[in-house]
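Chemist: With the input below, show me the fold.
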Amino acid sequence: MTITNKTITFGDTTISFELGKIAKQAAGSVVVRLDDSMVLVTACGADEPRGGADFLPLTVDYRENTYAGGRIPGGFFKREGRPSEKETLTCRVIDRGLRPQFPDSYFVETQVIGWVLSADNDNDPDVLAMNGASIALMVAGSIPFNNPLGAVRVGRVDGEFVLFPTYAQREASDLDLVVSGTENAIAMVECGANELPESVIIDALELAHTEIKRLIALQLEIVAERGVVKASFEAPAAPWPAGFDDEVRQQWKAELTEAMHVKGKFEQKDAINAVRDKALDALGDEADEKTPWVKGVFRLMTKEITRETILGEKKRLDGRAFDEIRSIACEVGFLPRSHGSALFTRGETQAIVTCTLGVSQDRQLIESYKGEWKEPFMLHYNFPPFSVGEARFLRGSSRREIGHGNLARRALLPVLPTEEAFPYTMRIVSDITESNGSSSMASVCGGSLSMMDAGAPLSSAVAGVAMGLVSDGERHAVLSDIAGQEDHYGDMDFKVTGTGEGITALQMDIKVSGLPRQILEQALEQARQGRLHILGIMKDAISEGREEISPYAPRIYTMKVDVEQIRNIIGAGGKTIRAIVEQTGAKINVEDDGTVQIATSDGAAAEKAIAIIEGLTKVPEIGEEFDGTVKRLEPYGAFVEILPNQDGLVHISEVAMERIPDIRDVLAIGDEMRVRIIDIDGQDRIKLSRRVILEDEARERGEDIPERDPVGDRRGGRPGGGGRDRDNRGGRDRDRGPRR
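Modeler: Got it, this is the predicted structure:
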């Protein structure tokens, strides 16, 4: 097979595409490379449509193999496990762009697989896989994918747009925008931004689409050079006889239109079902044969009525104006034991959102080909079946749930406090309890409220609104706060989140070709007005983070120690820090830079832990005084612990103002006494004195200070030193009598 190599340059960035060398038995395959990052993408399809399918069974799988970064996976099995969140999200952005480009009524099993083969830790391979997916489908002659898709990432560093930014550039960027599109239109947008104005977002989208057209031209060039012959596809004819749908429309459209204007999700559903059942009953003996036909025509009529009501009558089925937001209710402190909680209700969509505060040990450990790191902020979104009145098994998190959770998380990231200001790990959980449109935006609003209820000092509240578009090419209507039916039958799902200052996240899926700038501007401005309206209602519930966190949340006390003192806190094999935890019950974390976090809901325990750590890490200085404990007695003096694991010697001559014959006459192990550091020698040995403190106290009382033998003061074992002065001839202690 002929090998094809093509390259395209974006400024200093060059992307190459190689076909015909790897995975030649796949219907289509390509290796996409940017510097040392390489992705293999393949496309395959079944020979026949799936029986009974009424949708495109497209599967997208994307895996970031750890060997690509020269790493071995962790865990017992040492092999890749279930897809990571990053891999799942990449699957979603590839799928969202590709799916609308397939022919209507194409129901053949189709699979796209992307493998990261090499990763240079500078360039994210996800956008490479997006472009590779389109090329693999385009060169797969057996798959009728004829509408190529290009994808770019746009950043903004120091006010300048950057195409295909590196990880380092993305860290410095206030925009992370991924766009895929066809030659005529943008198809998919995934965006995070640091409160940017709408005009900047539109400029970035236009730049992205300009570069996408270059990628599509390259794909068409590859297809032509390889002589690909694409399979033809004709949509199957309607299953009913000619004229049958016209008869049903003529007889039942008026009643169905009336039913669709009934307010309330389930009330409307019941009214529609009643009309459909009436139509089925009218079939009489022909019901068994014609029931599928009637249901199919009713689905078409439902879509037609929805769109015509909006475009022709300039109104929505629920009676709202195009820019009207459904009624909103916000409640904080909803759950008594959660650290922070909110109940957010908008129309028939409702979410219970909680914020749980944790310590550094609670951070999420993430492993990838780039290495391991700990994530301090998590947002998890759950969509149980009862939220839409259904009964089905509860499984693990779906791709949709992971995608909605990531959108909400991205929306809230720009307003989070710094670790120095709020050193907590935060986990937000959004449980959707009712749904009729845009539960992800309810999660954003509820997440913002719950964090403020938990006491997190957010820089601003964040709200989100889902926008819709209905267009027939000549007429268009931009809808704010779309309901489920408007989302299903509309031409655009456009979710926008932000503060009063600007956009923090954006997600868009478009089904129509060509979206003029003026319509984008209208949609973003309408979204901004809706967002400000929602923020005003949220402010009435809570306007800023509470001054006090929940009594059930851990208090985190932060202190800084010299990095040389860390070993004193940890101890041999972690013995010391485990002992502190056992004594106090507090959680303790020590960072490599000397930051120590102590977490506990018991203030007394925190004070005890702080005191122990201060003692372990304090560097004593001459002149300081301590309340010490006698730990060991020797003839020449007492060893007194002044700080944890730090002691000094009180020479027998420094115990009292008068001469002491035997130190055991005045001290015992466990005694406590006030001592002062009088010297620290070159080997960090500490010399203590109790005598100087007693003399100072005597002077304050106006008492005389006893005279001392200067020789005894200098040396132990002499009169005044209180030590043993042996009589070598008799083997006796002069001061104590016979030796024992």
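Chemist: hey, let's count contacts and neighbours off CA atoms from now on
Modeler: OK.
Chemist: Name the residues that touch stretch 404-421?
Modeler: 192-195, 378-381, 440-441, 443-444, 447-448, 456-462, 497-498, 504-507 (CA atoms under 8 Å, 6 or more residues apart in numbering).
Chemist: Give me the buried positions along that stretch.
Modeler: By neighbour count on 16 or more other CA atoms under 10 Å, the buried set for stretch 404-421 is 404-417.
Chemist: can you check stretch 328-338 too?
Modeler: Quick answer for stretch 328-338 (16+ other CA under 10 Å): 330-334, 338.
Chemist: Now, those residues that are in strands?
Modeler: With DSSP state E as the criterion, strands contain 330-332 from among those.
Chemist: just the helices in the stretch 401-550 of the chain please.
Modeler: 439-453, 484-489, 517-541 (DSSP state H, counting those that start in this stretch).
Chemist: And those helices, which one averages the lowest pLDDT?
Modeler: Mean pLDDT is lowest for helix 484-489 among these, at a mean of 89.
Chemist: And it, what's buried?
Modeler: By neighbour count with 16+ other CA under 10 Å, helix 484-489 contains the buried residues 484, 486-487, 489.
Chemist: pretty sure Pro551 contacts Gly603?
Modeler: No. Applying CA atoms under 8 Å as the test, Pro551 and Gly603 come out as separate, 10.9 Å apart.
Chemist: residues in contact with the residue lying closest to Gly464 once chain neighbours are set aside?
Modeler: Nearest non-adjacent residue to Gly464, counting by CA to CA, 6 or more residues apart in numbering: Thr497, 4.0 Å away. By CA under 8 Å, 6+ apart, Thr497 lies in contact with 411, 441, 444, 462-465, 503-506, 531.
Chemist: And the contacts of the helix or strand harbouring Asp696?
Modeler: Element membership for Asp696, per DSSP states H and E: helix 691-700. With contacts defined as CA under 8 Å, 6+ apart, helix 691-700 is touched by 653-657, 674-676, 704-705.
Chemist: Spit out the contact partners of Asn382.
Modeler: By CA under 8 Å, 6+ apart, the contact set of Asn382 is 397, 401, 429-432.
Chemist: same thing but at 10 Å, please
Modeler: Shown in contact with Asn382 (CA atoms under 10 Å, 6 or more residues apart in numbering): 351, 396-398, 400-402, 404-405, 429-433, 439, 443.
Chemist: try Ile642
Modeler: Ile642 touches 615, 620, 625-630, 648, 672-677, 686, 688, counting by CA under 10 Å, 6+ apart.
Chemist: thinking again about what came up before, show me the one in the contacts of Asn382 that has more neighbours than the rest.
Modeler: Among the contacts of Asn382, the one with the most neighbours (other CA atoms under 10 Å) is Ser443, at 35 neighbours.
Chemist: Okay, helices next: where are they in the stretch 51-200 of the chain?
Modeler: Using DSSP H, counting those that start in this stretch, helices in the stretch 51-200 of the chain cover 85-98, 126-139, 167-172, 198-225.
Chemist: Check which residues of the third one are buried.
Modeler: This means helix 167-172. So, applying 16+ other CA under 10 Å, buried residues of helix 167-172: 169-170.
Chemist: quick revisit: from the ones in strands among the buried residues of stretch 328-338, which is closest to Asn184?
Modeler: Distance to Asn184 across those (CA to CA) is lowest for Cys330, with 41.7 Å.
Chemist: hang on, the earlier thing: tell me the one among the buried residues of stretch 404-421 nearest to Val596.
Modeler: Closest approach to Val596 among these (CA to CA): Pro417, at 18.9 Å.
Chemist: what about the closest one, distance to Met451?
Modeler: 11 Å (CA to CA, to the nearest Å).
Chemist: Quickly list what's touching both of these two.
Modeler: 457-458.
Chemist: can you pull out the helices in the stretch 201-350 of the chain?
Modeler: Going by DSSP H, counting those that start in this stretch, the stretch 201-350 of the chain shows helices at 244-260, 265-281, 287-311.
Chemist: Quick one, which of those gets closest to Lys6.
Modeler: helix 287-311 (43.6 Å).
Chemist: helices and strands around that closest one, which ones?
Modeler: helix 244-260, helix 265-281, strand 463-471, strand 476-480, helix 484-489 (3 or more CA pairs under 10 Å, 6 or more residues apart in numbering; DSSP states H and E).
Chemist: Just the C-alpha atoms of the fourth one, please, in CSV.
Modeler: Backbone C-alpha positions of strand 476-480 (Å, rounded to 0.1, in the frame of the first residue of the first chain) are rendered in CSV as follows:
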residue,chain,number,x,y,z
HIS,A,476,-33.7,32.0,13.2
ALA,A,477,-34.6,32.3,16.9
VAL,A,478,-32.2,32.3,19.8
LEU,A,479,-33.7,30.8,22.9
SER,A,480,-32.6,31.4,26.5
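Chemist: and it with helix 287-311, angle?
Modeler: Going by axes from the mean of the first three to the mean of the last three CA atoms, to 10 degrees, strand 476-480 is angled at 90 degrees with respect to helix 287-311.
Chemist: can you list contacts of strand 476-480?
Modeler: By CA under 10 Å, 6+ apart, the residues outside strand 476-480 that reach it are 307, 310-312, 314-316, 320-326, 465-471, 486-487, 490-495, 519-520, 522-524, 526-527, 529-531.
Chemist: List buried residues within these.
Modeler: Looks like these have 307, 310-311, 315-316, 322-326, 465-471, 486-487, 490-495, 520, 523-524, 526-527, 529-531 buried, using 16+ other CA under 10 Å.
Chemist: so what's the closest residue to Ala605 other than its chain neighbours up against?
Modeler: Nearest residue to Ala605, sequence neighbours excluded (CA to CA, 6+ apart): Thr584, at 5.0 Å. With contact taken as CA under 10 Å, 6+ apart, Thr584 is in contact with 600, 602, 604-610, 612.
Chemist: Ok, Val675 next?
Modeler: Val675 touches 623-629, 640, 642, 648, 650, 654-655, 687-694, counting by CA under 10 Å, 6+ apart.
Chemist: ok, which stretches of the stretch 1-150 of the chain are strands?
Modeler: For the stretch 1-150 of the chain, the strands defined by DSSP state E, counting those that start in this stretch occupy 4-10, 13-19, 28-34, 37-49, 58-64, 108-118, 150-157.
Chemist: if you compare these, which one is most tucked away?
Modeler: The highest mean neighbour count among the strands of the stretch 1-150 of the chain, using mean count of other CA atoms under 10 Å, belongs to strand 28-34: a mean of 27.
Chemist: Sheet partners, orientation included, of that one?
Modeler: Paired with strand 28-34 in the same sheet, following DSSP bridges, are strand 13-19 (antiparallel), strand 37-49 (antiparallel).
Chemist: Next, the angle from that strand to strand 108-118.
Modeler: Strand 28-34 and strand 108-118 are oriented at 30 degrees to each other (the same axes, to 10 degrees).
Chemist: then strand 28-34 to PDB, C-alphas only?
Modeler: Output of strand 28-34 as PDB, limited to C-alpha atoms (Å, rounded to 0.1, in the frame of the first residue of the first chain):
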ATOM      1  CA  GLY A  28      -9.100   3.900   7.600                       C
ATOM      2  CA  SER A  29      -6.000   4.700   9.700                       C
ATOM      3  CA  VAL A  30      -3.600   7.600  10.200                       C
ATOM      4  CA  VAL A  31      -0.700   8.500  12.500                       C
ATOM      5  CA  VAL A  32      -0.800  12.200  13.500                       C
ATOM      6  CA  ARG A  33       2.300  13.700  14.900                       C
ATOM      7  CA  LEU A  34       3.200  17.000  16.600                       C
END
